[in-house]
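Visitor: got a sequence here, can you build the structure:
(chains A and B)
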Amino acid sequence: SQQGEEDPQALSIQEGENATMNCSYKTSINNLQWYRQNSGRGLVHLILIRSNEREKHSGRLRVTLDTSKKSSSLLITASRAADTASYFCATDTREGSNYKLTFGKGTLLTVNP
Amino acid sequence: DAGVIQSPRHEVTEMGQEVTLRCKPISGHDYLFWYRQTMMRGLELLIYFNNNVPIDDSGMPEDRFSAKMPNASFSTLKIQPSEPRDSAVYFCASRNRLKNTEAFFGQGTRLTVV
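Guide: Numbers count the residues shown, from 1 in each chain, chains lettered A, B, ... in the order given. Have a look, this model is predicted:
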């Protein structure tokens, strides 16, 4: 089953522009994470935001979380061609005493030089 | 640490054959996840383990799929018999939830069933 849904499915921008990707989810979460996947590779963790946080920054990344709307956004500022990749949100949710990590379908970001 | 190691990287097999995918998680990690990635369905969680115990296998497509984790350093995902619709990239990921909750992914196994 999938918890998160990213929007848009694909995004194409010019180098230097900002890229915003959104994620909506369905159930209560402990935290929400964003990952990046280069073509043909495994996913790599970018940033994590806890359910009691509203905004977090890491370098050119800015993540927001609105638990009342069950949504999150990832902003990449001053994009570079090397940012071209697929971006996924993942929700960490509790199942009894265990914690499940489920992903959305991802947003394919293309940054044109 | 070498990270999460999956083998083989590529597998081509004929319909009806048994396929076994392997995963070595990062030492000290207590959670292990198996995911399947396709264009149509995205990244689906198949099953996950906590301390070698299967917790939730509701994502396993059907009885043809099975997963085991005999010890903390090894897990397998088996498909028997395989079908063309099983063609996908299968990822294994592990994490130490108390330490850092983020998951570390292997490079994946690209399975093609012809």
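Visitor: excluding its backbone neighbours, what's nearest residue 81?
Guide: You didn't say which chain, so I picked chain A. In space, not counting the residues next to it along the chain, A:Ala81 is nearest to A:Pro113; the distance is 4.7 Å by Cβ to Cβ, 6 or more residues apart in numbering or on different chains. From N, CA and C alone the C-beta is placed, and that goes for glycine too.
Visitor: you looked at the wrong chain, it should be chain B
Guide: Across the structure, with Cβ to Cβ, 6+ apart as the measure, the residue nearest B:Pro81 apart from its sequence neighbours is B:Gly16 (4.5 Å).
Visitor: could you look up the SS state of the spatially most central residue of chain B?
Guide: For chain B, the residue whose C-alpha lies nearest the mean C-alpha position (Cα atoms, centre = their mean) is B:Trp34; its distance is 3.3 Å. State at B:Trp34, reduced to three classes by DSSP: H, G, I helix; E, B strand; the rest coil: strand.
Visitor: I'd like the distance between it and B:Leu21.
Guide: From B:Trp34 over to B:Leu21 the distance is 8 Å, taken as Cβ to Cβ, to the nearest Å.
Visitor: and for A:Pro113?
Guide: Using Cβ to Cβ, one gets 37 Å for the distance from A:Pro113 to B:Leu21.
Visitor: thinking again about what came up before, shouldn't the residue nearest to B:Pro81 be in contact with B:Pro84?
Guide: No. Taking Cβ atoms under 8 Å as the contact criterion, B:Gly16 and B:Pro84 are not neighbours in contact, 10.4 Å apart.
Visitor: returning to what we had before: looking at A:Pro113 and B:Leu21, which is more packed in?
Guide: Between A:Pro113 and B:Leu21, B:Leu21 has the larger neighbour count (other Cβ atoms under 10 Å in any protein chain shown), namely 22 against 9.
Visitor: determine the three-state secondary structure at that one.
Guide: strand.
Visitor: what secondary structure does the residue lying closest to it once chain neighbours are set aside sit in?
Guide: Distance criterion Cβ to Cβ, 6+ apart; nearest residue to B:Leu21, sequence neighbours excluded, is B:Leu77 at 4.4 Å. With three-state DSSP as the basis, B:Leu77 sits in strand.
Visitor: what pairs with B:Leu77 across the strands?
Guide: Partner residues in beta bridges with B:Leu77, using DSSP bridges, are B:Leu21, B:Ala67.
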